[in-house]
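Engineer: no FASTA, just this:
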């Protein structure tokens, strides 16, 4: 199973849709300086991979609350190698970066009971 996941990961990263989404995020980050841009890209690579494999999303302008909730569900349910605390920390970090990039008026902190209830339901 691990070999299949690694193959899927390699195939997905080399796909044209992944490259297109990645380039769209680079264009979105143009105003940021280089150090912030590299850090943000590393943070959201898992989200881009998720968009490529689990949605039909082709334009990042369409990313909204629904995709963030689905991504959070996916990361929490499909991550056995880390502790729950580390998973939540990574997910909140990624969601915060995405919220900032997309200028979404959404509270993704762990104190937002309604958002996390939707994620965990």
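Structural biologist: Perfect, thanks for sending it. It should be emphasised that the depicted structure is a prediction, and the values quoted were computed from it without experimental measurement.

Engineer: could you use CA atoms for every contact and neighbour count after this?
Structural biologist: Will do.

Engineer: and residue 100, what pLDDT?
Structural biologist: With respect to pLDDT, residue 100 scores 88.

Engineer: what number of residues lie near it?
Structural biologist: 12 (other CA atoms under 10 Å).

Engineer: now do residue 68
Structural biologist: As a burial measure, residue 68 scores 19 neighbours (other CA under 10 Å).

Engineer: residues contacting it?
Structural biologist: By CA atoms under 8 Å, 6 or more residues apart in numbering, the contact set of residue 68 is residue 95.

Engineer: sec struct for it, please.
Structural biologist: For residue 68, the assignment made with DSSP: H, G, I helix; E, B strand; the rest coil gives helix.

Engineer: which ones are touching residue 96?
Structural biologist: Counting by CA under 8 Å, 6+ apart, residue 96 has contacts residue 108.

Engineer: could you list the low-confidence segments of the protein?
Structural biologist: The chain contains residues with pLDDT under 70 at 1-11.

Engineer: now the helices for it?
Structural biologist: Along the chain, the segments classed as helices by DSSP state H run 2-13, 16-28, 34-54, 65-77, 84-102, 113-120.

Engineer: quick check: closest non-adjacent residue to the residue sitting nearest the centre point of the chain.
Structural biologist: Against the mean C-alpha coordinate of the chain, by CA atoms, centre = their mean, the closest residue is residue 47 at 2.2 Å. Nearest residue to residue 47, sequence neighbours excluded (CA to CA, 6 or more residues apart in numbering): residue 71, at 6.8 Å.

Engineer: what's the neighbour count on that neighbour?
Structural biologist: Residues lying near residue 71 (other CA under 10 Å) number 22.

Engineer: does it touch residue 48 like I think?
Structural biologist: No - using CA atoms under 8 Å as the test, residue 71 is too far from residue 48 to be in contact (9.9 Å).
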